[in-house]
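**Student:** Give me a 3D structure for the following:
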Amino acid sequence: MTELMLRSYWFLRHGQTDWNAANLSQGRTDVPLNDAGLAQAVAAGKAFARHFQNHSMPFTRIVTSPLSRASVTADYVKRAITEAGGPDLPITRDDSMIEVCFGVQEGKPMGEWYNPWIAGDYTPEGAEPFAELRERVVKGLNRILAGDETTLIVAHGGVFRSLRSAMNLPANVRLPNAVPVFAHPEAGQWSLDIEETD
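**Tutor:** Take a look at the predicted model:
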């Protein structure tokens, strides 16, 4: 099992979709942001922009999942930072940050199967096992973090569950839509700082 590199990074789950609002499992289904999700993406961008206005440089690039709900969120964040006088940050789409495939569970209500899936005791038909998701995401993030740049990752709830597992934190904790998180190691232990949005 690949260990997560001890390098700080920012993480942002995409804004809300209609399936999020209906509590449905999305997985790889490319569900677009709804109006609330677009507003959340704008608010997250403004929260990040405040850092740049305070003459700090919290990150120097944005890496996003290729699914539209994440990539559009990333575009809104980039635009908010630039419109507030911040830098024109590059955005890279990276397949390693794509959401887990939930197979036959996609489009169905979220159920009680998440804990057995994370434990490796159950995988929905056609879905990606949690262990494979974690390995894919950790290897991808290690590659992304290997350079000198500080990075904002814009991705998904399942992706962050796998990262929580790799950070030795309880995995099955749902991250709210479009709430910035700063993940940083201190003396070998990971801490998560939640950023306030308007």
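
**Student:** ends of stretch 47-58, how far apart?
**Tutor:** The straight-line separation of the ends of stretch 47-58 (CA to CA, to the nearest Å) is 11 Å.

**Student:** Can you list the buried residues in that stretch?
**Tutor:** Neighbour-count burial for stretch 47-58, counted by 16 or more other CB atoms under 10 Å, picks out 47-52, 58. In this view, the C-beta of every residue, glycine as well, is placed from N, C-alpha and C.

**Student:** any chance of these in a markdown table, with secondary structure too?
**Tutor:** Formatted as a markdown table, the buried residues of stretch 47-58 follow (DSSP: H, G, I helix; E, B strand; the rest coil):
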| residue | secondary structure |
| --- | --- |
| 47 | helix |
| 48 | helix |
| 49 | helix |
| 50 | helix |
| 51 | helix |
| 52 | helix |
| 58 | coil |
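
**Student:** these two touch, right, residue 118 and residue 170?
**Tutor:** No - applying CB atoms under 8 Å as the test, residue 118 and residue 170 come out as separate, 9.6 Å apart.

**Student:** With neighbour numbers in mind, choose between those two.
**Tutor:** Applying other CB atoms under 10 Å to residue 118 and residue 170 shows that residue 118 carries more neighbours, namely 22 against 10.
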